[in-house]
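# Predicted structure and sequence below. I'll ask about it afterward.
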Amino acid sequence: MKSLLGYTDKLTVRPTESISFRLSSLDESEVSAHMVRLINGDIHSEHGAFKEERFASTVDGTYTANSHPVYPGSCIFVSGDAFESEFNDLSIALRCQPYRVTGRRQVLVSRYDSSANAGWSFYLTEQGVFGFESITPSGTKDWIESNLLAREKHWYQLLFSLSTESGHASLWCIELDSNQPFAHKSRDSQSTSSFNERLPGVTSPLTIGGRHCGVDASGGNVANSIFSGRLENPAIAAVALSDADANMLANGKDLAIATNKWLARWDFSLEQASDRIIDTSLHERHGKTHNLPLRAVRSSVWTGANLRWTDAPAEYSAIHFHQDDLYDCAWPDEIIWEVPDTLRSGIYALKLTSDSDEEYIPFFV
């Protein structure tokens, strides 16, 4: 296993511009660094021979490479207050298509404060059962799980509804017939349970596709319990819903909910070429993707009539999340080099050498 890794803040740089190198070493060892021009990077061919040219640079020297963590996994973060904790009646709806059903706990949507061990989450258990739980800062836990075992690559309409005045909570999980313009109920499960309180008002961001677990070295949000699969257009409303409402959602029909009762309605078919997640409710609680999940993928209403997502965005309104997605490790800049104006175009690398490992960090001039 490699103990020394590194990457640059950009792949291409021009003479007189600066490039930053970010390093991490498991054993936090000293490393020797020097610049090389890569003439032939082939180390596998029988006919080619690896060749590099070392040249003097202003960053040649010895550095201490600290150990930095990596937080893979894509999700969506929605900043702001815990608006959902202010209401006695509340419902959360979304569609999901799990690609990995068993083996680990996955979170579909949540707001969780890891330091206080408090919050709520819509989840998929290690056994493949959908559930919802709420944990207060005092440690009170309410939870509800379905009787339906999820199947890989099948679409589900999920709905959680809570009325704290009656202490009644319901969870609907309806398996949809895939690839129909208006999917209908195939297998379904309804569960009920007693919930004693409103959802807890923790300060962490609302997370779609995972559970917030803190911040990285740069202060950016990170998540765990990443969902492996596709999610489509989650929504939160300040109303308690019924079995009839769950079936309407499963049949692709709009619910008769007053506009001001929608607390958030994220539409994944909007601004699909960006990292923005648009909330179409009056509150405009927009979100932002994290670690580059795959956007504009086939949704539960895909018909097959349109093969380009730009022709029918609503049919490609799902987002595919992966537990190993990664955009930037967010490590600090350890070495910054200003490229000399006399350096010719080519493929270069900062070569790092420690007592136990070697690493080339390539870039293009």
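Perfect, thanks for sending it.

# Span of stretch 83-92 from start to end?
End-to-end distance of stretch 83-92: 13 Å, with C-alpha to C-alpha, to the nearest Å as the criterion.

# tell me the contacts of Arg104?
Glu126, Ser225 (C-beta atoms under 8 Å, 6 or more residues apart in numbering). (Each C-beta comes from the backbone N, C-alpha and C, glycine too.)

# same thing but 10 Å
Listed by C-beta atoms under 10 Å, 6 or more residues apart in numbering, the contact partners of Arg104 are Leu124, Thr125, Glu126, Ser225, Ile226, Ser228, Gln323.

# Next, the last one: phi, psi?
Here is the backbone geometry of Gln323 (degrees, to the nearest 10): phi -70, psi -10.

# Now do the same for the closest residue to it other than its chain neighbours: its pLDDT.
Using C-beta to C-beta, 6 or more residues apart in numbering and skipping residues adjacent in sequence, the residue nearest Gln323 is Ile226, 4.2 Å away. Listed pLDDT for Ile226 reads 98.

# Sketch out the strands for the stretch 51-200 of the chain, chain order is fine.
Assigned by DSSP state E, counting those that start in this stretch, the strands in the stretch 51-200 of the chain fall at 51-55, 61-64, 75-78, 89-98, 106-113, 118-124, 129-135, 141-149, 156-163, 168-176, 185-194.

# mind checking which of these is nearest Glu28?
Among those, the nearest to Glu28 by C-beta to C-beta is strand 61-64 (7.0 Å).

# can you pull the buried residues of that closest one?
Tyr63 (16 or more other C-beta atoms under 10 Å).

# what does stretch 211-223 give?
Arg211, His212, Cys213, Asp216, Asn221, Val222, Ala223.

# and if you look at stretch 95-102?
By 16+ other C-beta under 10 Å, the buried positions in stretch 95-102 come out as Arg95, Cys96, Gln97, Pro98, Arg100, Val101.

# now swap in stretch 267-274 and tell me
For stretch 267-274, a neighbour-count test (16+ other C-beta under 10 Å) marks Asp267, Phe268, Ser269, Leu270, Gln272 as buried.

# Next, format those residues as CSV and append secondary structure, pLDDT and distance to Arg54.
Output for the buried residues of stretch 267-274, formatted as CSV (DSSP: H, G, I helix; E, B strand; the rest coil; pLDDT from 0 to 100; distance: C-beta to C-beta, whole Å):
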residue, secondary structure, pLDDT, distance to Arg54
Asp267, strand, 98, 54
Phe268, coil, 98, 50
Ser269, coil, 98, 52
Leu270, coil, 98, 51
Gln272, coil, 97, 46
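
# For Pro293, state which of these is nearest.
Distance to Pro293 across those (C-beta to C-beta) is lowest for Phe268, with 10.0 Å.

# Contact partners for that closest one?
Contacts of Phe268 (C-beta under 10 Å, 6+ apart): 76, 208, 230-234, 277-278, 295-297, 299, 313-314, 316-319.

# mind putting the strands of the stretch 51-200 of the chain in TSV, distance to Tyr360 and mean pLDDT included?
As requested, those are exported to TSV (distance: least, C-beta to C-beta, whole Å; pLDDT from 0 to 100):
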stretch	distance to Tyr360	mean pLDDT
strand 51-55	8	94
strand 61-64	15	94
strand 75-78	32	98
strand 89-98	39	96
strand 106-113	36	97
strand 118-124	40	97
strand 129-135	46	95
strand 141-149	47	92
strand 156-163	46	95
strand 168-176	49	93
strand 185-194	53	69
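
# could I get those strands as JSON lines with distance to Thr342?
Formatted as JSON lines, the strands of the stretch 51-200 of the chain follow (distance: least, C-beta to C-beta, whole Å):
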{"stretch": "strand 51-55", "distance to Thr342": "11"}
{"stretch": "strand 61-64", "distance to Thr342": "21"}
{"stretch": "strand 75-78", "distance to Thr342": "44"}
{"stretch": "strand 89-98", "distance to Thr342": "55"}
{"stretch": "strand 106-113", "distance to Thr342": "53"}
{"stretch": "strand 118-124", "distance to Thr342": "56"}
{"stretch": "strand 129-135", "distance to Thr342": "61"}
{"stretch": "strand 141-149", "distance to Thr342": "66"}
{"stretch": "strand 156-163", "distance to Thr342": "61"}
{"stretch": "strand 168-176", "distance to Thr342": "63"}
{"stretch": "strand 185-194", "distance to Thr342": "68"}
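
# right, so of those strands, which gets closest to Glu17?
strand 51-55 (17.9 Å).

# tell me what that closest one is packed against?
Under the contact criterion of 3 or more C-beta pairs under 10 Å, 6 or more residues apart in numbering; DSSP states H and E, strand 51-55 touches strand 30-40, strand 347-353.
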